Every structure is written in C-alpha cells, then in structure tokens.
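Undergrad: Fold the following for me, if possible:
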Amino acid sequence: MLAGEEKDTAMKTIMQYRFLNGLITPSSGSSLLILLLIFLITLSAPYAEAFQAKVLPSNIHTGDAFMLRVTGLDAAEPSAIFEKKALHFSKYGKGCFVAIGAVDIKSRPGVYLISLKTGQQKTKLQLRVLKGSFKTIHLTLPEEKVTFSPEDLVRIDREDEMMGSIWQIESERLWDGSFILPLPNPFSTPFGTKRIINKKTVSLHRGLDMQGKAGEAIQASNRGRVVLTEELFFGGNTLILDHGQGIFTVYMHMSGFNVQPGNIVSKSDVIGFVGSTGRSSGPHLHFGVKVRRVNANPVSITGLKL
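TA: Modelled structure (predicted):
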C-alpha cells in the first residue's frame, strides 16, 4: 500500500503521462490548442542573458581599489552591493559595464562578498583582502605644527564639512582609460604610513607623498571636472578632480593652480605646480584618491587596467 503523499505523487505522474499521450493523439480535439498554449508560454519565459563577471584583481590588500567588470550584457545596467554600499556601474564598450570600489585601510583581512544583479539573475563574487604592510615613521615637529588654536579648530571643522559634501557628489563617468600618477618622481611617504609625531601623536597617512621641485608641473591623473581649488589649513593650495562614479583625486600643497572650478581636464593636462603650502615641511605633492568615500591607495588605482 502507498502512503498518502506517495499515492498523490503516483496519481499525478499517471495523469501527466496520460495528458502528454493525449497531446500527441490525433483524435484529441484540444491538442492544437494545448500546443499553442505551450508555445506562448515558452515565448513569455524570461530570457536569461549570458554574461561574465570578474573582480580584478581578485586578491588585494587593505586600502586598495578594485574593479568589477561585467561583460556580455546588452540590456539593463547591472547593480552591485559591496559592504552595504552600492557600486556605480558605467557602460564601457559594447556589452561591458565597469564599477570601481575600494576597501578601507582599517578593514579586516578576509574574503568579502559582492552581490551582483543582472536583470533577473543574482550571483555573489568573492574578493580576497590581505593585510597591507605599512611602515611606521617617527617625526619631531615644532609644537605649533601639531597644536591648534580655537580659531584653527573652527576652520578645520568647516573645511572638513566642505570636503565631506564634495565626496557625496554622484556624477557619470568622466575618466577614460587607466589612471596615471601626477608626477614621474619617487615617493617620499607611501600610503598607509603610520606617523608618530613628537612621540605621542599618531597620524595615518591616507595619501601618497611624491617628491618634486618647487614649480614642477603636476598632471591630471585622468579626465575629470575641477570641483575645488582652494587654500586649506592642512593641504594648503588644494585641487580636487571629480572623475565620476564616486571617484576623486586630490592634489595638495601646490604653489598655484592652472585651472579653475568647472573646467573639464583631460588625462595628463597640467593642473598646477608643486609647492609647500599648508602644513608642509618642503616642496612635494600629496596625492590622494577617494573611491565611494573611501581613501584608496593611489598606487592601486593606477594599477587597474581600465
């Protein structure tokens, strides 16, 4: 004897068999109608578009940028979530979409998941994050360089708020091809360096200091829009380019600007000149990169093959 559920299953199987045999029986008057219904259902079924998605590079270090490339899509733009934040895709050639993200320098090493959606299809991609190796340096500076007056603190807060509003800008892609370094010179202080000042103050360097001679031309890292040219407390003469998709490059301590807000510049255009303005001990360029409000290692974004 069959149990209740097993009996039901058996009866359904028999009915399906008889039904299908009925479809191919010429004597069945409804066979053509049923075949037509099956054909229409097949046409209305969702089309699963073939695509490929890659995270490049698949292994990075804390503080690094990465690229998500989706190819084989001719329909709607994909969407992706990384660390509870949306990645901004841009079409980059036929059937290709690209998004750029970054992992905060203070993130824990491990395997991170990127949730990707293309049409009705969903998938998860892995990004392996390794612990970055950053050096520590000890500096001795005059007290006036590390202590701030009440007026200084008010100014610092005001400038921080202004910069924060810039990082919120959402614009379409302006960058074109790989990013470049703005100077062809060696680095003096790498990204991620921990600076212990006067044996007590700890400062994490979230940019890249590049050696340079006073007045040396500084090039735009990529195509972008000038959104800031101002003299700031820490950065001195500071310029910011918006490259779209939440990507910004920052140039500090400049002696002067060669562009003004609103200008669209191309990659390698001269945007200003090396100086020692702001909290600086000598001529150099502080070069920073923001990706979706995360400070990224400039070397990592210039290493992406875009």
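Undergrad: where does the protein have low pLDDT?
TA: Along the chain, segments meeting pLDDT under 70 span 1-49.
Undergrad: Residue 111 contacts residue 124, doesn't it?
TA: No. Counting by CB atoms under 8 Å, residue 111 stays clear of residue 124, with 10.8 Å between them. To be clear about C-beta, it is placed using only N, CA and C from the backbone, and glycine gets the same treatment.
Undergrad: Helices along the protein, start to end?
TA: 4-23, 31-44, 143-146, 150-167, 298-302 (DSSP state H).
Undergrad: Okay, residue 168 and residue 228: tell me how far apart.
TA: 13 Å (CB to CB, to the nearest Å).
Undergrad: Show me which of the two is the more surrounded one.
TA: residue 228 (18 against 8; other CB atoms under 10 Å).
Undergrad: Which residue is the nearest non-sequential neighbour of that one?
TA: Of all residues not flanking residue 228 in the chain, residue 240 sits nearest, at 4.0 Å (CB to CB, 6 or more residues apart in numbering).
Undergrad: any idea how far that neighbour lies from residue 277?
TA: Using CB to CB, one gets 15 Å for the distance from residue 240 to residue 277.
Undergrad: to the chain's geometric centre, what's the distance from stretch 241-260?
TA: In terms of CA atoms, centre = their mean, to the nearest Å, the centre of stretch 241-260 is found 17 Å from the chain centre.
Undergrad: hang on, I meant stretch 126-145
TA: For stretch 126-145, the distance to the chain centre is 22 Å (CA atoms, centre = their mean).
Undergrad: re earlier: from memory the residue nearest to residue 228 sits against residue 252, does it?
TA: No. If you go by CB under 8 Å, residue 240 and residue 252 don't touch, sitting 9.6 Å apart.
Undergrad: Name the nearest residue to residue 61, ignoring sequence neighbours.
TA: Residue 61 sits nearest to residue 132 (CB to CB, 6+ apart), 4.0 Å away.
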